[in-house]
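A.B. asks: below is the structure, and that's it, no one-letter string:
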């Protein structure tokens, strides 16, 4: 039986105006059910229709058979690509005045390259689709970095299919934009070539890490080799015409605005200007990056690899400016309480979770510069009892109109009763940037939708305040909130921690510290795309740092090194990046003993790590590409065992941007309070129910998957929800699109589940094994109060 069905599905891959017909062939529906596989499907034709997108079902990702299994072997996309390229080549080879031009030759060459890459990618994708289900958390949560790599390749291919079909159908027309379409196909040809390299690197990871492991279980120098290889790859094509092709279409204008703003800001970064002058100059110079996507991509690659942390802190903190925060407040929810607080460094006496008659002293933060104030923000949609009390207002500090308990001028509302719920929030920003002010938009919505007061902590930021200062401040703020919940408008019968990215890490580690100190543990955690492993270990999802405008690897390494408070291991290319062979085919990569300097307690948590030697081979191009920014060489590698060895006849494009990437390699990064994925089971077993919300296109997806696996393996309650087509940091974009709004609502629902569930059976805490006197003080549990001790990576976790 043959059935022709037109599918019109909204999707992120294609621009508006695309639909597709697919032919399903099967003898009968019964044969489909018996075989457990869907019928063969193939593209028939595309047509123009308003606001339609190509379906992603062609490759099988997301399609479901009656048995619930995903059909991943479907070759329809590659068949469609082959047919589209053949049609385009035929159309461009017909005798005509246009086809004799240089632009037509460029189009034809791009189509030929795309077809070649597609043929090479098909068996690689097929291999991934047969094994990547082994790396899922469970069959109901099909998500991991290997799936994401296939998803990204598919998105690129689907766009190329649409573009090549358009070229085939319109290249002879009078209104055909030849130069524009040639640039598009050249850019996507380069992108497909680099994605092909990523899949080959993914294959290497698949072989090295073993089944069900997304990260290396042992360090063989592989991660350092991956940084070397990443550094040498051309990236600019992903930030020009191909910018954000893998994400929801509604977010692409946002990515263009961010990247153009970033490169303009970076161009004028070292010029002697004031903040306002630099911003004005950036606006004036941004025009050239709007009209020249190749220039934009090359400049973005340069600044992400070369500008220092001070630049990134300054750029990310632009959202804190009065102008941008004022514009954001216009569309944000109105709340009656938005109060900034400064809590003095006073020792708290907290009841033990195991016996409330006994207390433990919690000292204020002391790391690096001694006791200091902790800043936080109270947000409440409605005024509640205690929130306008003199006892609370004494902690308020002036901050313009935002530090207030605001009411309509006509009347003062009555105080509502104390809420039984309390939400404590830790913001994201890579441990180095932003405050609660940058996250007000979704916090105000949460307070309204949940009817709960929210306390958001403005912890000190790296590199001025490296680990463990932020953790100390967040833990102190959590304990202060428990002790003073009546001032915050809550009885704290149920307390939830929530945070995104770095804030998600702090939610987990604050709970771990509550366990180790024996104080009450929160009733649940909602962590959005949390960073649970801050080491440089390679994983398939982290390969996305090559193409992610929100989380490039160079910037990620700078953030991790800043939080660690140490200089990373420098990976320095040769001066002539056109000849990467100068790096040496048999260069030995000796990594630092990661247990050096660790305390005996901490070293007992880790398996002994020996020095390892890994050979690396890098192969570069012989001539620069016409667009600049990369070396173009199709000659494959000719042997060797290095990471840069690709199949014969293929080599990726190489960057010509000089760069210096400092690989995070400090021993302290294996501290369980830095990388909770590495925490011992006795700390993790006391965690409250954890609800993780991650994105399938996030470079940190594997952090979430592996942490959820780790918790499930020891019987801890954990859920993992993965949203599609959104970037890292989607919570801060909740007002930009329907997709980000829905993702924010998922987070809201997870928090509501924490509040509405019954009494938790998980142990909320335990007396500390080292605390013989339950009234004793817990002082500097990290042994890092002095900066020099921190610089050596020493960690005394005894209490």
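C.D. replies: Looks like it arrived, so ask away. Everything numeric in this text was worked out from a predicted model, so none of it was measured. Residues are numbered from 1 along each chain as shown.

A.B. asks: correct me if wrong: residue 540 contacts residue 146.
C.D. replies: Yes - at 4.9 Å, residue 540 and residue 146 qualify as touching, with contact defined as CB atoms under 8 Å. Yep, even glycine has a C-beta here, placed from its N, CA and C like the rest.

A.B. asks: domain map for this protein?
C.D. replies: Per the record, the chain has its domains at 2-213, 323-533+675-770, by automatic domain parsing.

A.B. asks: returning to that earlier point: quick one: common contacting residues for residue 540 and residue 146?
C.D. replies: Shared contacts of residue 540 and residue 146 (CB atoms under 8 Å, 6 or more residues apart in numbering): 202, 206.

A.B. asks: contacts only, for residue 373.
C.D. replies: 342, 343, 344, 345.

A.B. asks: show me where the stretch 301-450 of the chain has its strands.
C.D. replies: For the stretch 301-450 of the chain, applying DSSP state E, counting those that start in this stretch gives strands covering 337-343, 348-351, 359-362, 374-380, 404-405, 419-426.

A.B. asks: nearest to residue 110, out of those strands?
C.D. replies: Taking CB to CB, strand 419-426 is the member of these nearest to residue 110, at 46.9 Å.

A.B. asks: give me the mean pLDDT for the closest one.
C.D. replies: Mean pLDDT, computed over strand 419-426, is 98.

A.B. asks: one more: stretch 198-214?
C.D. replies: Stretch 198-214 comes out at a mean pLDDT of 88.

A.B. asks: once you drop chain neighbours, what's closest to residue 317?
C.D. replies: In this structure, residue 317 finds its nearest non-sequential neighbour in residue 433, 5.5 Å apart by CB to CB, 6 or more residues apart in numbering.

A.B. asks: what about the one you found, distance to residue 704?
C.D. replies: Here residue 433 is placed at a distance of 22 Å from residue 704 (CB to CB, to the nearest Å).

A.B. asks: pick out whichever of these two has more residues nearby.
C.D. replies: Neighbour tally, residue 433 and residue 704, criterion other CB atoms under 10 Å: the higher count belongs to residue 704, 30 against 24.

A.B. asks: just to revisit the earlier point, compare the domains of the chain and say which comes out lowest on pLDDT.
C.D. replies: Per-stretch mean pLDDT for the domains of the chain is lowest at domain 2-213 (a mean of 73).

A.B. asks: any idea which element residue 526 lies in?
C.D. replies: Applying DSSP states H and E as the criterion places residue 526 in strand 524-528.

A.B. asks: same question for residue 551.
C.D. replies: Counting by DSSP H and E, no helix or strand carries residue 551.

A.B. asks: thought it was touching residue 703?
C.D. replies: No - at 11.7 Å, residue 551 does not count as touching residue 703 under the criterion of CB under 8 Å.

A.B. asks: okay, these two: which has more neighbours?
C.D. replies: residue 703 (29 against 22).

A.B. asks: any idea how far residue 154 is from residue 108?
C.D. replies: Distance of residue 154 to residue 108, given as CB to CB: 25 Å.

A.B. asks: same check, this time on residue 653
C.D. replies: Between residue 653 and residue 108 the distance is 20 Å, computed by CB to CB.

A.B. asks: same deal with residue 414?
C.D. replies: According to CB to CB, residue 414 and residue 108 sit 74 Å apart.

A.B. asks: shouldn't residue 662 be within a helix?
C.D. replies: No - under the criterion used here (DSSP: H, G, I helix; E, B strand; the rest coil), residue 662 is strand, not part of a helix.

A.B. asks: buried residues in the longest helix anywhere in the chain, which are they?
C.D. replies: Ordering each helix of the chain by length in residues (DSSP state H) puts helix 178-209 first. Within helix 178-209, the residues scored as buried using 16 or more other CB atoms under 10 Å are 178, 181-206, 209.

A.B. asks: and that helix, what does it pack onto?
C.D. replies: In terms of contacts (3 or more CB pairs under 8 Å, 6 or more residues apart in numbering; DSSP states H and E), helix 178-209 is packed against helix 102-131, helix 145-170, helix 222-232, helix 293-306.

A.B. asks: tell me the angle it makes with helix 102-131.
C.D. replies: When axes from the mean of the first three to the mean of the last three CA atoms, to 10 degrees is applied, the directions of helix 178-209 and helix 102-131 differ by 30 degrees.

A.B. asks: how about residues contacting stretch 474-486?
C.D. replies: So stretch 474-486 is in contact with 343, 348, 350, 362-365, 374, 376, 385-386, 392, 418, 422, 424, 426, 455, 457, 459, 488, 491-492, 495, 497, 506, 510, 513-514, 519-520, 522, going by CB under 8 Å, 6+ apart.

A.B. asks: in that stretch, what counts as buried?
C.D. replies: Residues of stretch 474-486 classed as buried under the neighbour-count rule (16+ other CB under 10 Å) are 474, 475, 476, 477, 478, 479, 480, 481, 482, 484, 485, 486.

A.B. asks: low-confidence ranges in the stretch 201-350 of the chain?
C.D. replies: Applying pLDDT under 70 to the stretch 201-350 of the chain flags the ranges 217-222, 270-282, 284, 321-332.

A.B. asks: mind redoing it with 80?
C.D. replies: For the stretch 201-350 of the chain, applying pLDDT under 80 flags the ranges 210, 216-224, 226-227, 230, 268-286, 316-333.

A.B. asks: before we move on, the earlier item: for the domains of the chain, which one ends up most surrounded?
C.D. replies: domain 323-533+675-770 (a mean of 21; mean count of other CB atoms under 10 Å).

A.B. asks: now residue 265: how far from residue 559?
C.D. replies: With CB to CB as the criterion, residue 265 and residue 559 are 18 Å apart.

A.B. asks: of the two, who's got more company?
C.D. replies: The residue with more neighbours, out of residue 265 and residue 559, is residue 559; 25 against 22, by other CB under 10 Å.

A.B. asks: does that one really touch residue 431, like I thought?
C.D. replies: Yes - here residue 559 lies in contact with residue 431, judged by CB under 8 Å, at a distance of 6.1 Å.

A.B. asks: overlap in contacts of the two?
C.D. replies: residue 462.

A.B. asks: among the contacts of stretch 474-486, which ones are in helices?
C.D. replies: Short answer: the contacts of stretch 474-486 in helices (DSSP H) are 392, 506, 510, 513, 514.

A.B. asks: and the third one, how far is that from residue 673?
C.D. replies: Okay, so that is residue 510. Relative to residue 673, residue 510 is positioned 9 Å away (CB to CB).

A.B. asks: what is in contact with those two at once?
C.D. replies: Taking CB under 8 Å, 6+ apart as the contact rule, residue 510 and residue 673 both touch residue 471.

A.B. asks: circling back to that earlier point, out of the buried residues of stretch 474-486, which sit inside helices?
C.D. replies: Reading helices off these with DSSP H, I get 474, 475, 476, 477, 478, 479, 480, 481, 482.

A.B. asks: mind listing what residue 362 touches?
C.D. replies: Counting by CB under 8 Å, 6+ apart, residue 362 touches 347, 348, 349, 350, 475, 476, 479, 517, 519, 778.

A.B. asks: what sits against the third one?
C.D. replies: Right, the one you point to is residue 349. Taking CB under 8 Å, 6+ apart, we find residue 349 in contact with 359, 360, 361, 362.
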